[in-house]
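Student: Provide a 3D model corresponding to the input given below.
(chains A, B, C and D)
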Protein chains: 2
Amino acid sequence: MSEQSTRTSETPTLVSKERRSRRGSGSITLSDVAKVAGVSAITASRALNTPERVSRDALKRVRDAVSRTGYVPNMLAGGLASSRSRLVAALVPTIAGPVFLETVQALTEALAESGYQVMLGQSGYSGAREDALLDAIIGRRPDGIVLTGIMHSAEGRRRLLATGIPVVETWDLTPTPIDMLVGFSHEKVGAAVAEYLVSAGYKKLAIVTADDHRAGLRRKGFEDAATRLGVGLVGACTVPAPTTLGSGRFGLSDLLSRFPHMDAVFCSSDILALGVLTEAQARNLSVPARFAVFGFGDLGFAGDTFPTLTTVRVDGNAIGHQAARFIVERAEGRTVAERVIDLGFSIVKRDSA
Amino acid sequence: MSEQSTRTSETPTLVSKERRSRRGSGSITLSDVAKVAGVSAITASRALNTPERVSRDALKRVRDAVSRTGYVPNMLAGGLASSRSRLVAALVPTIAGPVFLETVQALTEALAESGYQVMLGQSGYSGAREDALLDAIIGRRPDGIVLTGIMHSAEGRRRLLATGIPVVETWDLTPTPIDMLVGFSHEKVGAAVAEYLVSAGYKKLAIVTADDHRAGLRRKGFEDAATRLGVGLVGACTVPAPTTLGSGRFGLSDLLSRFPHMDAVFCSSDILALGVLTEAQARNLSVPARFAVFGFGDLGFAGDTFPTLTTVRVDGNAIGHQAARFIVERAEGRTVAERVIDLGFSIVKRDSA
DNA sequence: ATTTTGAATGTTAGCGCTACCATTCAAACA
DNA sequence: TGTTTGAATGGTAGCGCTAACATTCAAAAT
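Tutor: Numbering: from 1, shown residues only, chains lettered A, B, ... in the order given. This next block holds a predicted model:
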């Protein structure tokens, strides 16, 4: 790591005949490997990338040479020459929220198995830096871009389309996807939760929801279904994204003060729900006897809260894997027949509702 | 995104004289920009990378040309030519745990401001795939590698040293850093917590701890200090990493069954502590009256639990920023005088202990 | 008037790899 | 026997950019 002094040869001589060029990293290149293996550079390249097109003998010699020299291919050079960077950009609002982590993790792992790396981009919830970020991403010439929980500006959308890079939008079923999409319907989630609560006998439905776009869709679905079912939405509290345990506590306090008769709370995230449970506990209100609590996300802790949390499960892992599959398909030149995949969701019934 | 057919010119002609090469991405290059601006390619390059070395006039013309053509520099080509990829690899055990998120987020943001992107690598807690991952990373020729919460194998360590890429280890103060390091002493954390609890009057100290390396160091510091202070460690429960709310609940059950008289629990993460609080609530045991609970990490929710959680605060944000600073310094060719930075920690006193 | 400077620009030659188009040469065929 | 095939290999020419050196030409110094 430190600047290690280049050792000169034992017997001091005049400047070596074949001076190393001052350019380049000085590390081992494919040509070096080829020389050691006694083949041409292109054969060495094929041995590494398309081993089936090379003879047994050449393959073995190249592989030996690689392990003897400790050669690691320079993917910048490879990417430049082949127009395939094997990089995929993952764009999230922020990595700090737990919601999309499962997706990013699955995406990273699935892509790594196919030899792709993930480049991380955080747009922030504001979308202000989105343009600069997009330039930084496009500049790397990624083989794909995965948008997770991102509301892209019209301008950004246009830029993405113009580049021709495969794009996968996730976590939402928009009517007009940029390219490919894997998600589920947030409105249907809201409706399903309302139906569940009403059929369980709850009649005074309330909601604590983040002010982001997808949470808004769930709220709409919830409210519409509640109205359709003849109970309506008796109260709502909106909190800023990203949600916290604290905003859940606040949400319940707020609801109780304004709508003391409500008997069920649909929260736009499990974190909010946990906050609601916490506040209920602090006020000595028992859940679900006094009111039901419904979460969203089925995060890791949902089965271990007290009471355990009834929530909506979304398979973030599957979303990540499917996104990876989409990208790899495209990168290898195949066309994707079904560009939109609805992964659906399920209700996980536990004790809180 | 889709395969858009290349439109031929209006009037069908014979094969155009200057056929486009079948290679290349077909997108706008720096030469195109230079041509539009009426300067040479290198001047255009300088206008973009070192604007101060170019005349006012040339700068303006190049910038106009860039915005007219929608040019985005190809960083693969730039990186190859200059041996500076402006990529930084961030290695974490898994992105799914909340502990290092703050660090990764801060790192990504700070680096983005200096024009660097972050490439994500997940080693898994096992460290089995670590070697392949290391190859994938080195292949990108990153300008730096940030190790967060990673126990690197001796072999991996050797490889990293051999490449000469700047390395920053974080979240731990190891006695023999590979290169640069920003962290704090986990043993001192353990000792500080023990001292705090003893001076607050607790005498039967117990611990619920994950089985990872750093948690082990905190436990050691805790146990040593407890012994030194004459109270000792009365009980311990070890759970597998990564920690969950569920393992916290289990931990408390386990401790209570084996050491019913214990009066304080130090948890190796806030998540575990939240689990302990949850289990206490489920058993109707009041905290801190029956026993104290101490966390680690000061995650976002710690101030909003019931009771609020006394914990150890580590500034993950500062760690990420400092790591970014280290990498950028090195990448720009400066040498870093102080290679090891101890960011320390602080105890956040709340209600649970 | 001549030299010296240095800022601005340009020319050339790669960076390390792979696409494309040969070429070779054995086995398979007519 | 000559021809066709196709698998294996190699040579060449870039991919889009920048380091290193070369050149130009005005202003400053002699």
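Student: can we go C-alpha only for contacts and neighbour counts from here?
Tutor: Will do.
Student: And the average pLDDT for the helix or strand harbouring A:Arg325 is what?
Tutor: A:Arg325 is part of helix A:316-331 when elements are defined by DSSP states H and E. For helix A:316-331, mean pLDDT rounds to 96.
Student: repeat for stretch A:292-308
Tutor: Rounded mean pLDDT across stretch A:292-308 is 96.
Student: How about it and chain B, any contact?
Tutor: Yes - contact of stretch A:292-308 with chain B (C-alpha under 8 Å from any C-alpha of the partner chain) involves A:300-301, A:303-306.
Student: Pull out the buried residues from these.
Tutor: A:301, A:303-306 (16 or more other C-alpha atoms under 10 Å in any protein chain shown).
Student: From these, pick the one nearest A:Arg313.
Tutor: When those are ranked by distance to A:Arg313 (C-alpha to C-alpha), A:Gly303 comes first, at 11.5 Å.
Student: Quick check: the closest one vs DNA strand D, distance?
Tutor: Between A:Gly303 and DNA strand D the computed distance is 51 Å (C-alpha to the nearest atom of the strand, to the nearest Å).
Student: separation between that residue and A:Ala318?
Tutor: Distance of A:Gly303 to A:Ala318, computed by C-alpha to C-alpha, to the nearest Å: 20 Å.
Student: Spell out which parts of chain A neighbour DNA strand C.
Tutor: Contacts of chain A with DNA strand C, taken as C-alpha under 7 Å from any atom of the strand, map to A:21, A:23-27, A:29-31, A:41-42, A:45-46, A:49, A:72-75, A:77-82.
Student: quick one: which of these sit in strands?
Tutor: Assigned to strands by DSSP state E, none of the residues of chain A next to DNA strand C qualify.
Student: which element is A:Asp254 on?
Tutor: Element membership of A:Asp254, judged by DSSP H and E, is helix A:245-258.
Student: what's the answer for A:Leu181, then?
Tutor: strand A:180-183.
Student: just A:Val88 next, same as before
Tutor: Here A:Val88 is assigned to strand A:87-92, by DSSP H and E.
Student: Now do that strand: which elements does it pack against?
Tutor: Here strand A:87-92 touches strand A:117-122, strand A:144-148, going by 3 or more C-alpha pairs under 8 Å, 6 or more residues apart in numbering or on different chains; DSSP states H and E.
Student: strands paired with the last one, and their directions?
Tutor: For strand A:144-148, the paired strands and their directions (DSSP bridges) are strand A:87-92 (parallel), strand A:167-170 (parallel).
Student: Contacts only, for A:Ser114.
Tutor: Residues near A:Ser114 by C-alpha atoms under 8 Å, 6 or more residues apart in numbering or on different chains: A:Val328.
Student: How much space separates it from A:Tyr71?
Tutor: A:Ser114 is 20 Å from A:Tyr71, by C-alpha to C-alpha.
Student: For the stretch 101-250 of chain A, what lies in contact range of DNA strand D?
Tutor: Residues of the stretch 101-250 of chain A lying near DNA strand D (C-alpha under 7 Å from any atom of the strand): none found.
Student: Nearest to DNA strand C: which residue in the stretch 101-250 of chain A?
Tutor: Relative to DNA strand C, the nearest point of the stretch 101-250 of chain A is A:Gly115 (12.4 Å; C-alpha to the nearest atom of the strand).
Student: and that residue, how many residues sit next to it?
Tutor: 14 (other C-alpha atoms under 10 Å in any protein chain shown).
Student: What sits closest to it if chain neighbours are left out?
Tutor: Nearest non-adjacent residue to A:Gly115, counting by C-alpha to C-alpha, 6 or more residues apart in numbering or on different chains: A:Arg86, 6.9 Å away.
Student: Ok, A:Thr335 next?
Tutor: Counting by C-alpha to C-alpha, 6+ apart, the residue nearest A:Thr335 is A:Glu329, at 6.9 Å.
Student: ok, so what distance separates that neighbour from DNA strand D?
Tutor: Look at A:Glu329 and DNA strand D: by C-alpha to the nearest atom of the strand, they are 23 Å apart.
Student: Surely A:Ala226 is in contact with A:Leu197?
Tutor: No - look at A:Ala226 against A:Leu197 with C-alpha atoms under 8 Å: they stay out of range, at 9.3 Å.
Student: Compare neighbour counts for those two and give me the winner.
Tutor: Taking other C-alpha under 10 Å, A:Ala226 and A:Leu197 do not tie; A:Ala226 has more neighbours (25 against 22).
Student: residues contacting the residue of the stretch 101-250 of chain A found nearest DNA strand D?
Tutor: For the stretch 101-250 of chain A and DNA strand D, the shortest gap (C-alpha to the nearest atom of the strand) falls at A:Gly139, measuring 8.3 Å. A:Gly139 makes contact with B:72-76, according to C-alpha under 8 Å, 6+ apart.
Student: Out of those residues, which is nearest to DNA strand C?
Tutor: For the contacts of A:Gly139, the nearest to DNA strand C is B:Leu76 (9.1 Å; C-alpha to the nearest atom of the strand).
Student: how many neighbours does the closest one have?
Tutor: Neighbours of B:Leu76 (other C-alpha under 10 Å): 25.
Student: Can you tell me how far the residue lying closest to A:Glu187 once chain neighbours are set aside is from B:Phe296?
Tutor: The shortest distance from A:Glu187 to any non-neighbouring residue, by C-alpha to C-alpha, 6+ apart, is to A:Gly221 (4.1 Å). In this view, A:Gly221 and B:Phe296 are 39 Å apart by C-alpha to C-alpha.
Student: okay, the two: which has more neighbours?
Tutor: The residue with more neighbours, out of A:Gly221 and B:Phe296, is B:Phe296; 28 against 22, by other C-alpha under 10 Å.
Student: Spit out the contact partners of that one.
Tutor: Shown in contact with B:Phe296 (C-alpha under 8 Å, 6+ apart): B:267-270, B:311-313.
Student: My guess is A:Ser248 contacts A:Val208. True?
Tutor: You called it Ser, but residue A:248 is Gly. Yes - shown here, A:Gly248 and A:Val208 form a contact pair, counting by C-alpha under 8 Å, at 7.4 Å.
Student: What helix or strand is A:Phe266 located in?
Tutor: Taking DSSP H and E as the criterion, A:Phe266 maps to strand A:264-267.
Student: Now do that strand: which elements does it pack against?
Tutor: strand A:205-210, strand A:292-294.
Student: Please give the centre-to-centre distance between the longest one and its chain.
Tutor: Read it as strand A:205-210. Distance of strand A:205-210 from the chain centroid (C-alpha atoms, centre = their mean, to the nearest Å) equals 25 Å.
Student: where's the helix or strand that it is followed by relative to the chain centroid, distance-wise?
Tutor: Downstream of strand A:205-210, the first helix or strand assigned by DSSP H and E is helix A:213-228. Between the centre of helix A:213-228 and the centre of its chain there are 24 Å (C-alpha atoms, centre = their mean).
Student: Tell me the buried residues in helix A:213-228?
Tutor: A:214-226.
Student: Reformat those as TSV; add pLDDT.
Tutor: What follows is those, written out as TSV (pLDDT from 0 to 100):
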residue	pLDDT
A:Arg214	93
A:Ala215	96
A:Gly216	96
A:Leu217	96
A:Arg218	98
A:Arg219	98
A:Lys220	98
A:Gly221	98
A:Phe222	98
A:Glu223	98
A:Asp224	98
A:Ala225	98
A:Ala226	98
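Student: just to revisit the earlier point, contacts for the strand holding A:Val88?
Tutor: By C-alpha under 8 Å, 6+ apart, strand A:87-92 touches A:100, A:104, A:116-124, A:137, A:140-150.
Student: quick one, that strand and helix A:316-331 angle?
Tutor: 140 degrees (axes from the mean of the first three to the mean of the last three C-alpha atoms, to 10 degrees).
Student: give me the low-pLDDT residue ranges for chain A?
Tutor: For chain A, the stretches flagged by pLDDT under 70 are A:1-24, A:125-128, A:151.
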